[in-house]
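A.B. asks: coords please:
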Amino acid sequence: ASHNNHYSSAAAAAGGGGHHNQKEEPMTLAEIESRIESIEKTQTATFGGLKVRYAYLSQRGYYPDDPHKANQDAFSISHDFCGQETDAFFAVYDGHGRDGDRCAQFARDNLPDMVEKFVSRSKSREAKFHNGGTRNAAAEKQIELTKDQIQSASNKAHVECNRSMHRAHELDDSLSGTTSISVYIHGRRNRITICNVGDSRAIIGQRMSDKDQKTAAKSIGGPNITSHLKAMPLSRDQTPYRRDERQRVRATGARILSLDQIEGLEPIGPEDDDEDFDGSANELELGEELDEGGDPPRVWSPHGEYPGTAFTRSLGDAIAEELGVFAEPEMLTRQVNEEDAIIVLASDGVFEFLTNQSVIDICAKFKDPLEACRAVVAESYELWLQYELRTDDITMICIFVDGVTDTNNLRGSFISASSRMLEGAGGGSSSELNFSSFANLSTPLEEAPGDDREDGFLTTEGLRPVRNHISVGKSKAIQQMKIKMAATDSDMEISALDDFDLSKLYTKKTEEEKARIAEAIRASVMFQNITDEQREMIFGVMEPITVKKGTWVIKQGTVGDRFYIVDTGRFEVRIIPDGEDDKDGRGGNVVHVYEGSHESHVHPSFGELALMYSAPRAASIIAQTDGHLWALHRYAFRQVLAQQSGRQELNLTLGRMEIFKNLSSEDIKKLTAAMDEVTFGRGESIVEQQNFGSSLYVIMTGTCEHVERLDNGSAHTQTLKSGDFFGEEVLVDRKTYAATVVALQTTCCWRLEKAVMKQTVGSLKAKRRRSANNVA
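C.D. replies: Numbers count the residues shown, from 1 in each chain. Here you go, the predicted model:
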């Protein structure tokens, strides 16, 4: 290959593969840091009319059951692409399956060469046309292909790479493969071509007008928070969330179902098994309900439970290819303009919990794209740790566009292939023109034929939804830990409620401190849609905490009640694997490091789930250096949450319950703030008739079956939905539940425990007696 492949992921040298047996030993901090592969410093480059700075970073995921699993992501960056110093090729590959690491590395090592091969062939044909049928190397370098020619060459390259992967002896891609997202920069025309296969993404941050900035500032609020860039998609996820992709793969006979549906734990509706179903009203339901606990719709064979891909296009995946999961990319070619500021290519691990806008907002805080990469990857990794039992591999390339030069100044240096479609100067036809006739072509782009017009931005319809709930697995793990500590948990919760005084937490913050806190919570799903007043309340009750080196901020297994922001300092995350003991007293394996810095504008956070749950911590956090933290107590946060729409609806529901009719509106608000959130999988019994219990439940999302068995042997059955409640009887007159309630699908509920209720508003029986006496 004639291009200079400056940077690529280095995992191939080791052979990779989580499928190889390796020693099971705790990882040291050095080993954890070695899992982060990044460029040493940001690189500056000029590609034709584009002056850019770029950086990359890839972090291997954390898998408790396979701590030495290889990073299945890969990336490549090529300068002097196709022999043109004005061109470049950037790409991210996200492997999956047993040989996913090898598939990603194969694509990294071969796809850029294949794109170059097919582009060079097209340029050679164009040069021959302009040079009287004779090949001329110098002429080829002056050719600029049209949009359709570039996209045709790119499509052929992806298809050829896929075929070569099938034939490769060093890997088995029958049930393994890789996604690919790439940007091909055509610097002489200030153009980029995006090719997407799978569910990794390319996005661009555009500078907004003054009017748009003011609108964004109002929607975001807070001091010194103005979003100057608007995120626009350059690719669309190719997943079963998209109706067009569902219909395409279903035409091959494929089934579209989630894992829980395959296992019989979720119902199958008409939109799932009917390829002609026009379920526009159910499009959102597919995105929100099936994936509420991290269980997306997948592609399955009509003959068995395979291959189960959560995407509809990929390189490799030979078996899935028979079901329409092919390697043809969706492509977009567009001009890079002065308003374009940041281009991001990233694997889907980034976008599991972060929106496109959140990613651009984080990048926009930094002047250095390497720092932007570090911040986005760290935020993504931390959200995975909070909402899942594992993390994904996460890879990102960030390109800052520092300058755009008018390409009209470069027109004399290249020949546009679209000129073949134009009539030449002097009235001659294009077939009569020779190479020299076009040596100084300066035809404006807008006069080019249709096959060379740039593409517009893509729709976000069918975009995989960002998750904002913990997975069913994480919820069950929390419940199991709580069962082990049931007695102490209850005592600690009541004690904490007893001693809690919100006014004692309030401290005045400077505008700079508010700005740092605001930036730290900006991307968190927990703080979305809060008002300016609520944000100010959060600033006020954030506790400043000075920490010395060696301090255990959080200890795994202890009940947590605070969310933390790292203002300054380094803090390591340690986890004791399930079933093991902390023999050396060090807290288990190091799986991550949080580092906060005023200079770098980096302020990671941890302990977010403590704002929702009174549950044992899933990891230990230990200070590696002296540092400073901001802490938010769960009860303070709940008082803020009581003003949000979800809790407002809960407040109304509690107010309508007969058992709470003697409570004041203030008491109802206290109960609303005290309720926590819990998730159940389909088929899971939430409560059982005649079993002892102490919790009331209100359904947030999902549906449940309510079955009450009567004395005569019959049963009364009804379906409960969002807003319905059950279990209220155990809060007052009964010790056992009056009915059995089973989740019909992944279901999230608000839960109120009797001990918490008593500590919050007192005894309901006593209130009823006092009310009766007053009436009498």
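A.B. asks: got phi/psi on the nearest residue to Cys373 once chain neighbours are set aside?
C.D. replies: What sits nearest to Cys373 in space, not counting adjacent residues and going by C-beta to C-beta, 6 or more residues apart in numbering, is Leu57, at 4.0 Å. C-beta: built from backbone N, CA, C; applies to glycine. Dihedral angles phi and psi of Leu57 (degrees, to the nearest 10) take the values phi -160, psi 140.
A.B. asks: and Leu57, how many residues sit next to it?
C.D. replies: By the criterion of other C-beta atoms under 10 Å, Leu57 has 25 neighbours.
A.B. asks: pLDDT score for it?
C.D. replies: pLDDT recorded at Leu57 is 95.
A.B. asks: contacting residues around it?
C.D. replies: The contact partners of Leu57, by C-beta atoms under 8 Å, 6 or more residues apart in numbering, come to 36-39, 370, 373-374, 377, 395-396.
A.B. asks: mind redoing it with 7 Å?
C.D. replies: Neighbour list for Leu57: 36, 38, 373-374, 377, 396 [criterion: C-beta atoms under 7 Å, 6 or more residues apart in numbering].
A.B. asks: gap between it and Leu370?
C.D. replies: As for Leu57, its distance to Leu370 is 7 Å (criterion: C-beta to C-beta, to the nearest Å).
A.B. asks: same check, this time on Gly324
C.D. replies: To Leu370, Gly324 is 39 Å away according to C-beta to C-beta.
A.B. asks: longest strand of this protein?
C.D. replies: The strand spanning the most residues in the chain, taking DSSP state E as the definition, is strand 562-575.
A.B. asks: gap between the helix or strand following that strand and the chain center?
C.D. replies: Sequence-wise, the next helix or strand downstream of strand 562-575 (DSSP states H and E) is strand 589-596. Mean-position distance between strand 589-596 and its chain equals 20 Å (C-alpha atoms, centre = their mean, to the nearest Å).
A.B. asks: again, but for stretch 684-702
C.D. replies: Using C-alpha atoms, centre = their mean, the offset of stretch 684-702 from its chain centre is 31 Å.
A.B. asks: before we move on, what about stretch 563-570?
C.D. replies: In terms of C-alpha atoms, centre = their mean, the centre of stretch 563-570 is found 22 Å from the chain centre.
A.B. asks: who touches that stretch?
C.D. replies: Contacts with stretch 563-570, where a contact means C-beta under 7 Å, 6+ apart, come from 516-517, 520, 547, 553, 593-598, 603-608, 610-611, 623-632.
A.B. asks: now the buried members of these.
C.D. replies: The neighbour count (16 or more other C-beta atoms under 10 Å) marks 516-517, 520, 547, 553, 593-596, 603-608, 610-611, 623-624, 627, 629-632 as buried among the contacts of stretch 563-570.
A.B. asks: quick one on the thing from earlier: among the contacts of Leu57, name the ones in strands.
C.D. replies: 36, 38, 396.
A.B. asks: bridged to the second one, which residues?
C.D. replies: Read that as Ser38. Leu57 (DSSP bridges).
A.B. asks: check contacts around it.
C.D. replies: Applying C-beta under 7 Å, 6+ apart, one finds that Ser38 lies in contact with 56-57, 370, 373.
A.B. asks: mind picking the two most distant members of those residues?
C.D. replies: Farthest pair in the contacts of Ser38 (C-beta to C-beta) is Tyr56 and Leu370. Separation: 8.4 Å.
A.B. asks: out of those two, which sits in the more crowded spot?
C.D. replies: Tyr56 (26 against 20).
A.B. asks: which other helices and strands contact the helix or strand containing Asp109?
C.D. replies: Assigned by DSSP H and E, Asp109 belongs to helix 100-130. Helix 100-130 is packed against strand 73-79, strand 87-96, helix 137-141, strand 143-144, helix 147-167, strand 177-186, strand 315-316, with contacts defined by 3 or more C-beta pairs under 7 Å, 6 or more residues apart in numbering; DSSP states H and E.
A.B. asks: out of those, nearest to Arg108?
C.D. replies: With C-beta to C-beta, the closest approach to Arg108 among those belongs to strand 73-79: 4.2 Å.
A.B. asks: and the closest one, what's its mean pLDDT?
C.D. replies: 95.
A.B. asks: so how far is it off the chain centroid?
C.D. replies: For strand 73-79 - counting by C-alpha atoms, centre = their mean - the centre lies 21 Å from the chain centre.
A.B. asks: who does that strand touch, helix- and strand-wise?
C.D. replies: Against strand 73-79 (3+ C-beta pairs under 7 Å, 6+ apart) you get strand 4-8, strand 50-59, strand 87-96, helix 100-130, strand 394-404.
A.B. asks: in a markdown table: the ones you listed, plus distance to Ile576.
C.D. replies: Converted to a markdown table, the helices and strands packed on strand 73-79 look like this (distance: least, C-beta to C-beta, whole Å):
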| stretch | distance to Ile576 |
| --- | --- |
| strand 4-8 | 36 |
| strand 50-59 | 22 |
| strand 87-96 | 29 |
| helix 100-130 | 27 |
| strand 394-404 | 24 |
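A.B. asks: state the distance from the residue nearest to Val119 when sequence neighbours are not counted to Ser124.
C.D. replies: Sequence neighbours aside, Ala153 is the residue nearest to Val119 in space, at 4.6 Å (criterion: C-beta to C-beta, 6+ apart). Using C-beta to C-beta, one gets 11 Å for the distance from Ala153 to Ser124.
A.B. asks: which of the two has more neighbours?
C.D. replies: Ala153 (23 against 16).
A.B. asks: looks like Ile699 contacts Gln745 (just checking).
C.D. replies: No - using C-beta atoms under 7 Å, Ile699 makes no contact with Gln745, being 11.0 Å away.
A.B. asks: buried sites along stretch 156-176?
C.D. replies: Result for stretch 156-176 [16+ other C-beta under 10 Å]: buried residues 156-162, 165, 168, 171-176.
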